[in-house]
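[1] Fold the following and give me the result.
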Amino acid sequence: MTQLNRHFYVAIMAGGIGSRFWPFSRTDYPKQFLDMLNTGKTLLQWTYERFLPLVPAENIYVITHEQYADLVAEQLPALPADNIVAEPSRKNTAPCVAYISHKIHKKDPLASIICAPADHLILDQVSFINSCLIALQFVENHNALVTLGITPTRPDTGYGYIQFETQQVADNVYPVKTFTEKPNLDIARTFLKSGDFLWNAGIFVWQSKSILAALKEHLPEVDELFVAEEAALNTPLEKEVIEVIYSQCTNISIDYGIMEKADNVYVIPSNFGWSDLGTWASAYDNLEKDYLGNAVQGKNVMVIDSTNSMVKAPHDKLVLLQGLDDFIVIDTHDVLLICKKDKEQQIKDYVAEVKRHKGDRYL
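    Numbering: from 1, shown residues only. Have a look, this model is predicted:
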């Protein structure tokens, strides 16, 4: 079966701290390990299960901060211990990709790898698997770095955008023209009208040899650190050398370090019910709401004269809200956040304020 090709691998990136979901997501227990949408499973568990029809279970790796290695093991008991790859520090996605790509390539030089975040929501599993298979089949036959792009449904300023050439090079595979960071609303509207822009989902597919060649060309200072210690990968010496490597690694994203510079980047326009669940508003969009547009999580929450608001509270706490419109209310055992929905992009800034005035206790 193509779906279980032994040279297909998945690297799930699960090291972030999810600060935009504070105070529910905390440094010691971030959003990928939480049941954000009341489904009975955490985002990491959903992500892991999403890939099981596509690659052999033993070819799924989770790369995370060493602080979370035990959480990964607890939530994914079927995952072999050796497939939990621990980073000693957070250095963004380029070192993360370099580490897992060198590690897998040493084990299997014919590897094709899907790199995907652990905290995304994908509603249409069949379409998602189909897009991944198109990407895997394309990279098997081409020296290509492929990203999955989402057909935009609104002029969203919270996502990066990918502009693509309109002439496809294979079935639903298009060359990438440009990457654009999060635009302002006017530019986002222009992108939507033009029809040749996609949201950047941050899901990448490539052969290990292709991404290693790109690292060597565009991020040699990162690549050389791993090449120098390649012999230690997949041995008992790995942990020790990775600590040395990470202490010297540049903090840089794979988008900025590689994808925006390489000339062999392609995109697959996709529609699989995707959300990056990056903010409370994106969670609100995906939760069930009452007839007044309120999304309520908590058995003892009472909402009076309120509309279009999101409320999350412990089941054993009575919370009564009156007169709120377009608010986010998140109540935990030690923090209460009340925030206008249109200000929630600033929650990261509020967390920085809390740290400055109250230290790490509430983070």
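[2] Pull the number of nearby residues for the spatially closest residue to P80 that is not a sequence neighbour.
    With sequence-adjacent residues excluded and distances taken as CB to CB, 6 or more residues apart in numbering, P80 is closest to E58, at 6.3 Å. Just so you know, the C-beta spots here come from the backbone N, C-alpha and C atoms, and that holds for glycine as well. For E58, the count of nearby residues is 13 (other CB atoms under 10 Å).
[3] quick check, E58 in a helix?
    Yes - applying DSSP: H, G, I helix; E, B strand; the rest coil, one finds E58 inside a helix.
[4] Would you mind confirming that it makes contact with A78?
    No - taking CB atoms under 8 Å as the definition, E58 is not a contact partner of A78, at 9.8 Å.
[5] Phi, psi for W199 please.
    Dihedral angles of W199 (phi, psi; degrees, to the nearest 10) stand at phi -70, psi 140.
[6] Any idea what it is bridged to?
    Per DSSP bridges, the residues bridged to W199 are I150, Y161.
[7] how about the helices in the chain?
    43-51, 69-75, 93-107, 125-141, 185-194, 208-218, 220-228, 238-248, 254, 280-285, 347-358 (DSSP state H).
[8] Which of those sits closest to I114?
    With CB to CB as the measure, helix 125-141 is the member of the helices of the chain nearest I114 (6.1 Å).
[9] Give me the helices and strands touching that closest one, please.
    In terms of contacts (3 or more CB pairs under 8 Å, 6 or more residues apart in numbering; DSSP states H and E), helix 125-141 is packed against strand 112-117, strand 145-150, strand 197-207, strand 265-270.
[10] could you dump those strands to CSV with distance to K312?
    Output for these, formatted as CSV (distance: least, CB to CB, whole Å):
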stretch, distance to K312
strand 112-117, 22
strand 145-150, 26
strand 197-207, 25
strand 265-270, 30
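[11] N5: which of those strands is closest?
    Of the helices and strands packed on helix 125-141, nearest to N5 by CB to CB is strand 112-117, at 7.9 Å.
[12] ok, the closest one: who's next to it in the sheet?
    Paired strands of strand 112-117, with direction, are strand 8-13 (parallel), strand 197-207 (antiparallel) (DSSP bridges).
[13] Now mean pLDDT, mean neighbour count and distance to I104 too, for those strands, in JSON lines please.
    Below are the strands paired with strand 112-117 laid out as JSON lines (pLDDT from 0 to 100; neighbours: other CB atoms under 10 Å; distance: least, CB to CB, whole Å):
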{"stretch": "strand 8-13", "mean pLDDT": "98", "mean neighbour count": "26", "distance to I104": "5"}
{"stretch": "strand 197-207", "mean pLDDT": "95", "mean neighbour count": "25", "distance to I104": "10"}
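[14] Make a markdown table out of the ones you listed and add distance to N130.
    Formatted as a markdown table, the strands paired with strand 112-117 follow (distance: least, CB to CB, whole Å):
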| stretch | distance to N130 |
| --- | --- |
| strand 8-13 | 15 |
| strand 197-207 | 13 |
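[15] deepest of the helices of the chain, which one?
    Ranked by mean neighbour count under mean count of other CB atoms under 10 Å, these are led by helix 254, which reaches a mean of 25.
[16] how far does it sit from the chain's center?
    Here the centre of helix 254 is set off from its chain's centre by 12 Å, with CA atoms, centre = their mean, to the nearest Å.
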